[in-house]
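> Sequence first, predicted coordinates after that:
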Amino acid sequence: MDWQALTDWRQLLIWPGPETQTVVWLAQVFAVVFCTVATNFILMRVIDLLDHLSDKTENLWDDALLEAARVPVRLLLWVVGLSVAAEMLQSVSESAIFEYVSEVRRVAFIAIIAYFLTRLVTNIETNLVNPNRVKKPMDKTTANAVGKLLRISVMITALLIILQALGYSISGVLAFGGVGGIAVAYAAKDLLANFFGGMMVYLDKPFKVGEWVRSPDRSIEGTVEHIGWRLTRIRTFDQRPLYVPNSLFTTVVLENPSRMLNRRINEKIGIRYDDWRVMPDIVAAVRQMLIDHEDMETDHRTLIVNFDHYGDSYIEFFIYTFTKTTDWVRYHEIKQDVLMRIMHIVDEHGAEFAFPTRTLHMHTSEPAGDDDQAPADDQGGGQAPPARGQRASHRAPRNRRDHRQGWKGEQDQETGNDDGE
């Protein structure tokens with residue numbers, strides 16, 4: 001190898017050919033690779049400096065652009081450097097592999113551009129839903145849906161351009177897609193139904209990730225964890241994952257308790273009939289307590305406290321009001337406080353809470369005459385007790401006499417009392 005040929009640096013600037021000395025074209029290839037590495041290093045430092053300057057601005061587009069371009073720019077620089085080195089080798093070599101350098105370079109450029117666009121869409125989506133970057137962040141579900149559509153569009157477009165760059169006719173592909181679309185749509189009608197159901201969820205936004213949903217039509221209740229194109233994953237309150245096809249959301253009634261403005265307290269309270277005189281005072285005191293309560297929304301929501309019902313063993317009033325909070329745990333704490341205050345109000349007015357009671361009236365009367373009494377035994381206790389049959393014979397006449405005589409109340413009803421005769 002003639003190293004003295006490198007003394008003439010002007011030979012390094014001439015594009016190599018079949019007659020170029022080996023040491024010269026090797027030096028040229030090494031110079032191209034070294035320049036690629038050095039340029040890549042300098043370019044990364046420039047991007048870091050621009051990224052540091054963009055952090056001081058409130059514009060979210062420059063941050064997304066720089067972050068998306070960081071890796072694709074490096075890949076693009078390497079593709080350019082390596083393709084130049086490969087073309088140099090092609091000019092001094094007759095290997096058939098170097099004939100595909102131009103096609104590989106075109107495909108690589110298209111793939112890098114598509115990669116840059118998908119990263120840009122992802123970064124913009126992340127910034128739009130970040131409350132630290134924007135004052136009014138976009139809904140996460142909507143941003144995710146739009147981001148998925150844009151990324152899919154970029155990948156499909158890039159694939160079609162790559163096919164065109166490789167010499168394939170994309171018109172035939174598009175025609176096949178149009179003709180075969182009918183058969184595919186019929187075969188995958190359930191999949192398409194779920195897809196369009198997901199589109200309706202993304203567009204109408206009846207719920208989003210993190211919200212509590214419930215369907216009275218189906219056994220669906222829990223917190224939304226993920227909204228996909230085919231399935232929505234819901235975590236039930238006993239921590240079981242529930243996978244719901246999106247097409248179901250187009251036919252069922254869905255309730256979203258997470259978007260309620262207030263929670264309702266609707267209770268019925270009964271007190272004794274003996275306390276009816278203090279019922280108006282109790283109702284007024286309970287109403288005023290709810291108005292003064294710091295956790296109750298009585299200015300813009302309905303407040304009802306009224307005597308409502310006559311019960312079997314109580315008189316009843318009811319309360320109908322709303323809390324300011326919608327948090328489930330905090331709501332029950334407030335409801336407990338309200339019920340305890342009502343108990344104090346009832347006690348302060350000298351009333352008592354009613355409970356089911358029953359009064360049983362018993363009438364007792366002794367039969368008149370001495371015939372019902374057994375005759376006294378003048379002989380003392382020396383005799384043996386009478387037999388079982390003898391006892392029965394003594395009792396039978398007395399029972400018949402009691403039956404004929406009846407109760408005193410029945411005699412009064414049948415014959416009248418002494419004053420009325």
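Perfect, I can see it now.
> and the gap between residue 252 and residue 230?
In this structure, residue 252 and residue 230 are separated by 17 Å, where distance is defined by CB to CB, to the nearest Å. (Glycine included, C-beta is placed from N, CA and C.)
> Those two: which has the busier surroundings?
The residue with the greater number of neighbours, taking residue 252 and residue 230 and applying other CB atoms under 10 Å, is residue 230; the counts read 16 against 12.
> my read: that one touches residue 195, true?
Yes - the pair residue 230 / residue 195 is scored as a contact, 6.8 Å apart, by CB atoms under 8 Å.
> Could you pull out the residues contacting both of those two?
With contacts taken as CB atoms under 8 Å, 6 or more residues apart in numbering, residue 230 and residue 195 have residue 246 as neighbours in common.
> So for this structure, the centremost residue is which one?
A centroid search over the chain (CA atoms, centre = their mean) returns residue 223, at 2.3 Å, as the residue closest to the centre.
> what helix or strand is that one on?
Of the helices and strands defined by DSSP states H and E, residue 223 is found in strand 220-227.
> Please enumerate residues in contact with that strand?
141, 144-145, 198, 201-202, 207-215, 232-237, 241-242, 244, 246, 252, 254.
> Go again with 6 Å.
Strand 220-227 is contacted by residues 141, 207, 209, 211-212, 214, 233-236, 242 when judged by CB atoms under 6 Å, 6 or more residues apart in numbering.
> hmm, which of those residues are the buried ones?
Among the contacts of strand 220-227, those classed as buried by neighbour count (16 or more other CB atoms under 10 Å) are 141, 207, 212, 214, 233-234, 242.
> how about JSON lines for those residues, with pLDDT and secondary structure added?
Conversion of these to JSON lines gives the following (pLDDT from 0 to 100; DSSP: H, G, I helix; E, B strand; the rest coil):
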{"residue": "141", "pLDDT": "71", "secondary structure": "helix"}
{"residue": "207", "pLDDT": "87", "secondary structure": "coil"}
{"residue": "212", "pLDDT": "88", "secondary structure": "strand"}
{"residue": "214", "pLDDT": "90", "secondary structure": "strand"}
{"residue": "233", "pLDDT": "91", "secondary structure": "strand"}
{"residue": "234", "pLDDT": "92", "secondary structure": "strand"}
{"residue": "242", "pLDDT": "90", "secondary structure": "strand"}
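> and of these, the nearest to residue 263?
Closest approach to residue 263 among these (CB to CB): residue 212, at 12.6 Å.
> Which residues does the closest one form beta bridges with?
Bridge pairing for residue 212 (DSSP bridges) gives the partners residue 223.
> Write down the beta-bridge partners of the closest residue in space to residue 273 that isn't next to it in sequence, one by one.
Taking CB to CB, 6 or more residues apart in numbering as the measure, residue 273 lies nearest to residue 315, with 5.9 Å between them; neighbours along the chain are not counted. With DSSP bridges as the criterion, the beta-bridge partners of residue 315 are residue 271, residue 310.
> any idea how far residue 315 is from residue 61?
Relative to residue 61, residue 315 is positioned 69 Å away (CB to CB).
> Among these two, which residue is more densely surrounded?
Each of residue 315 and residue 61 has its neighbours counted (other CB under 10 Å); residue 315 has more, 19 against 13.
> Quick check: buried residues in stretch 144-157?
Judged by neighbour count (16+ other CB under 10 Å), stretch 144-157 contains these buried residues: 144-148, 150-151, 154.
> for the stretch 151-300 of the chain, what spans make up the strands?
Assigned strands in the stretch 151-300 of the chain, in chain order: 212-215, 220-227, 231-235, 241-245, 263-271 (criterion: DSSP state E, counting those that start in this stretch).
> Between strand 220-227 and the third one, find me the angle.
When you say that, I think you mean strand 231-235. Orientation check (axes from the mean of the first three to the mean of the last three CA atoms, to 10 degrees): strand 231-235 against strand 220-227 gives 120 degrees.
> Strand 231-235 pairs with which strands?
strand 220-227 (antiparallel), strand 241-245 (antiparallel).
> Of all the buried residues of stretch 144-157, the one with the weakest confidence?
Looking at pLDDT alone, the buried residues of stretch 144-157 dip lowest at residue 145, where the score is 75.
> now residue 166, nearest residue through space, not along the chain?
Take residue 166 and drop its neighbours on the chain: the residue closest to it by CB to CB, 6+ apart is residue 103, 6.5 Å away.
> Kindly tell me how buried the one you found is, as a neighbour count.
Residue 103 sits with 13 neighbouring residues when counted by other CB under 10 Å.
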